[in-house]
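Asks: Dropping a prediction and its sequence here:
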Amino acid sequence: MNPPEHGGPGIVRRALCPGSFDPVTNGHIDIIGRAASLYDEVVVAVFVNQSKSGLFGVDERRDMLVEVTTEFPNVTIDTFQGLVVDYCRAHDIPVIVKGLRAVSDFDYELQMAQMNRGLAGVDTLFMPTNPEYSFLASSLVKEIAKWGGDVSSLVPPNVLTRLQERTRARG
């Protein structure tokens, strides 16, 4: 007897890629694209943190993600506030996909994964980043852009345009 494909008839494999995405980087797109090849549906959710003002507003980050994920028809973009596991429960998503750049990422993310599993039975898939993006972090991109550095190889073109406009405006 052959195992059922994709979990059996009528079962849709869904995953969540949560994050702040401030701004969206090529590393984010790499993880989203790889998750999209593994799951039937991938929801990319922009976390709303009321206590922290980012470079881009939540709606701007959502819009940038919509633009850069058009090549992945099984990816949808959303926003959320609160616990990731509550979002997963409300949307019937059993797994979270997280990209890991270094061992230091793993230490923190493992604790979160164990907590999410304990709270809601939500599993976490850790995906090592492409070595090309192992150093890449949104905070570094913002810092480089702020000082006029070239970040064109680190972010998608539409994000680059917005990033340049925003950092010029904040001057």
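Replies: Sure, I can see it.
Asks: Check the average confidence over stretch 155-171, would you?
Replies: In this model, stretch 155-171 has an average pLDDT of 88.
Asks: Same question for that stretch: list its buried residues.
Replies: For stretch 155-171, burial by neighbour count (16 or more other CB atoms under 10 Å) applies to Val155, Pro156, Val159, Leu160, Arg162, Leu163, Arg166, Thr167. All C-beta spots, glycine's among them, are computed from the backbone N, C-alpha and C.
Asks: Contacts for it, please.
Replies: Under the criterion CB atoms under 8 Å, 6 or more residues apart in numbering, residues 23-26, 29, 55-56, 60, 64, 67-68, 141-142, 145-146, 148, 151-152 lie in contact with stretch 155-171.
Asks: Tell me which two in the buried residues of stretch 155-171 are the farthest apart.
Replies: Using CB to CB, the pair of those lying farthest apart is Pro156 and Thr167, separated by 16.2 Å.
Asks: before we move on, back to that, and the buried residues of stretch 155-171, which is closest to Val97?
Replies: Pro156 (19.2 Å).
Asks: out of the contacts of stretch 155-171, which are buried?
Replies: 23-26, 29, 55-56, 60, 64, 68, 141-142, 145, 151.
Asks: Now render those as a markdown table, adding distance to Leu100 and secondary structure.
Replies: Shown next, in a markdown table, are the buried ones among the contacts of stretch 155-171 (distance: CB to CB, whole Å; DSSP: H, G, I helix; E, B strand; the rest coil):
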| residue | distance to Leu100 | secondary structure |
| --- | --- | --- |
| Pro23 | 20 | coil |
| Val24 | 18 | coil |
| Thr25 | 15 | coil |
| Asn26 | 16 | helix |
| Ile29 | 16 | helix |
| Leu55 | 24 | coil |
| Phe56 | 24 | coil |
| Glu60 | 26 | helix |
| Met64 | 23 | helix |
| Val68 | 21 | helix |
| Val141 | 18 | helix |
| Lys142 | 21 | helix |
| Ala145 | 24 | helix |
| Val151 | 22 | coil |
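Asks: From those residues, pick the one nearest Asp107.
Replies: Thr25 (21.5 Å).
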